[in-house]
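Asks: Below is the sequence, then the predicted model.
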Amino acid sequence: MNTHVSVREGRIPESNERTGAVVEFKGVTKTYGAMCVLQPTSLTIDAGEFFAIIGPSGSGKSTLLGITAGFVTPTEGSILVDGVDVVSIPPYHRNFGMVFQNYSLFPHMTVAENIGFPLRMRHCPKADIAEKVARALSMVRLEGLGDRKPAQLSGGQQQRVALARAAVYNPRLLLMDEPLGALDKNLREEMQEEIKRFQQNLGVTVIYVTHDQHEAAYMADRIAIMRSGTLEQIGSPRELYEEPKTIFVASFLGEATLLPVTALRKVADGQIAAEIKGDLTVQATAVPGTATGKALCIRPESIALGSAAAGLDNSFEGIVEDTVYTTGSVRYRIRLADTAHVMTARIPSRPDIALMQPGDRVQIGWGRRDALLIGED
Ligand SMILES: Nc1ncnc2c1ncn2[C@@H]1O[C@H](COP(=O)(O)OP(=O)(O)OP(=O)(O)O)[C@@H](O)[C@H]1O
Ligand SMILES: [Mg+2]
């Protein structure tokens with residue numbers, strides 16, 4: 001069988017087709033001495049999927065990526081790439097494209113030589129190399145810069161060279177660990193678009209580690225949120241934001257007010273009335289699997305203020321504690337009157353509407369659907 005041939009030869013065959021690999025993690029675990037930094041992890045990433053991993057520093061993101069790349073040996077488990085277990089295959093022979101934060105271009109080589117390097121390592125015929133390098137250069141929009149040295153390029157251009165070098169031999173899997181970490185915001189956003197376009201053109205499967213939740217939400221089909229060596233929740237950006245399963249996920253992705261629940265009463269299917277400390281009852285929603293929630297999650301943009309708050313399922317008197325103008329919107333911190341609960345609201349700003357100031361009293365409200373019961377951590 002094909003699988004056996006591949007493993008015996010110690011390499012995964014290169015693909016000529018423009019399709020990404022299916023990646024299956026089965027019970028992948030990593031311990032260093034007594035410390036377990038990756039709990040048994042099982043997960044399937046689809047062909048052509050853009051899969052992002054986010055999470056706090058030290059949560060195990062690079063470990064999981066390093067195991068996939070082959071730089072880190074798992075303590076247990078297997079990783080099947082298109083059905084082939086790659087764990088015993090050395091990194092170079094896995095034939096995955098890799099882009100890391102310090103994009104480590106060879107300084108003495110030209111841009112074209114850098115991009116062609118993986119092809120030379122693979123003993124590709126010279127004419128082929130020239131053609132593939134030219135194509136890769138145009139894909140990352142660096143035509144005409146092939147003769148420069150990396151030091152003669154901007155950070156974003158160098159990053160594009162690294163991307164071209166990782167993709168030049170048409171890998172079926174591209175692994176990226178904080179590839180845009182060193183770039184400023186504008187360049188980052190430009191590169192995010194670039195990488196996304198690039199990935200869609202190639203149909204390559206991407207596993208992408210980032211600290212930046214906005215970047216992950218913008219680019220990924222699915223995101224995994226990692227915490228202390230486990231994938232706490234996996235879902236589309238929208239699922240994670242609108243239906244977080246745990247307090248950790250709710251507060252890690254985006255901003256949220258979390259109201260601690262002291263008692264619950266079911267009102268109807270999926271509808272609950274939650275008691276909050278301070279004698280408040282909040283009409284809320286329970287998604288399946290969170291019947292015993294500990295907190296309500298309310299996103300800042302779902303909160304209405306003033307007359308817009310009247311008549312909503314939940315409407316309370318509030319006192320403005322803090323007003324911060326951010327581009328296009330105002331972020332208010334508002335304490336619910338006679339309680340210690342402080343809500344965060346974000347309201348679009350318009351030139352003709354005066355900002356409220358600390359001490360102002362205002363009606364604050366939100367719908368039942370916008371107060372989500374979430375489970376314990
Ligand atoms: N070679 C090693 N020996 C011992 N512990 C290690 C080793 N490599 C990583 N660790 C530990 O494993 C844990 C996970 O590290 P990892 O690099 O995967 O985190 P990360 O999520 O990528 O963090 P960051 O966002 O800071 O890059 C950390 O606690 C780290 O200290
Ligand atoms: Mg890391």
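Replies: Thanks, I have it. Ligands and ions are numbered 1, 2, ... in the order given.
Asks: Over to stretch 131-151 now: how far is its first residue from its last?
Replies: Using C-alpha to C-alpha, to the nearest Å, the end-to-end distance of stretch 131-151 comes to 24 Å.
Asks: Give me the contact list for it.
Replies: Outside stretch 131-151, the residues within contact range by C-beta atoms under 8 Å, 6 or more residues apart in numbering are 105-112, 114-116, 119, 124, 153, 157-158, 160-161, 163-165, 167-169, 194, 198, 201. Yep, even glycine has a C-beta here, placed from its N, CA and C like the rest.
Asks: Return the members of these classed as buried.
Replies: 105, 110-112, 114-116, 119, 124, 153, 157-158, 160-161, 163-165, 167-169, 194, 198 (16 or more other C-beta atoms under 10 Å).
Asks: Inside helices: which ones of the residues you listed?
Replies: The helices, defined by DSSP state H, take in 111-112, 114-116, 119, 157-158, 160-161, 163-165, 167, 194, 198 from the buried ones among the contacts of stretch 131-151.
Asks: Out of the residues you listed, which two sit at the greatest distance?
Replies: Leu119 and Glu194 (21.5 Å; C-beta to C-beta).
Asks: What residues does the residue of the stretch 251-377 of the chain found nearest ligand 1 make contact with?
Replies: Nearest to ligand 1, among the residues of the stretch 251-377 of the chain, is Phe252, at 12.7 Å (C-beta to the nearest ligand atom). Contact analysis of Phe252 by C-beta under 8 Å, 6+ apart lists Ile54, Gly55, Pro56, Gln213, Ile225, Arg227.
Asks: what's the distance between it and Pro348?
Replies: Separation of Phe252 from Pro348 (C-beta to C-beta, to the nearest Å): 25 Å.
Asks: And Gly254, by the same measure?
Replies: Look at Gly254 and Pro348: by C-beta to C-beta, they are 17 Å apart.
Asks: of the two, who's got more company?
Replies: Gly254 (19 against 9; other C-beta atoms under 10 Å).
Asks: Give me the phi and psi for the closest residue to that one other than its chain neighbours.
Replies: Closest residue in space to Gly254, ignoring its immediate chain neighbours: Tyr241 at 5.5 Å, by C-beta to C-beta, 6 or more residues apart in numbering. Main-chain torsions, Tyr241, degrees, to the nearest 10: phi -80, psi -40.
Asks: List the contacts of Tyr241.
Replies: Applying C-beta under 8 Å, 6+ apart to Tyr241 gives the contacts Ala217, Leu253, Gly254, Arg299.
Asks: Kindly recompute the last result at 10 Å.
Replies: The contact partners of Tyr241, by C-beta atoms under 10 Å, 6 or more residues apart in numbering, come to Gln213, Ala217, Ile223, Gly235, Val249, Ala250, Leu253, Gly254, Ala256, Cys297, Arg299.
Asks: which stretch of helix or strand covers the residue nearest to Asp360 when sequence neighbours are not counted?
Replies: Spatial nearest neighbour of Asp360, chain neighbours left out: Val320 (4.5 Å); criterion: C-beta to C-beta, 6+ apart. Element membership of Val320 [criterion: DSSP states H and E] is strand 314-326.
Asks: Quick one: mean pLDDT over stretch 159-168.
Replies: Here stretch 159-168 scores 89 as its mean pLDDT.
Asks: and if you look at stretch 228-239?
Replies: Model confidence over stretch 228-239, given as mean pLDDT, is 96.
Asks: Name the SS class of the residue most central in space within the chain, please.
Replies: The residue lying closest to the centre of the chain (C-alpha atoms, centre = their mean) is Ala216, at 3.1 Å. Under DSSP: H, G, I helix; E, B strand; the rest coil, the three-state class of Ala216 is helix.
Asks: So it sits against Met176, correct?
Replies: No - at 11.5 Å, Ala216 does not count as touching Met176 under the criterion of C-beta atoms under 10 Å.
Asks: related to what we said a few turns ago, just give the number of residues close to the residue nearest to Asp360.
Replies: Close neighbours of Val320, defined as other C-beta under 10 Å, add up to 20.
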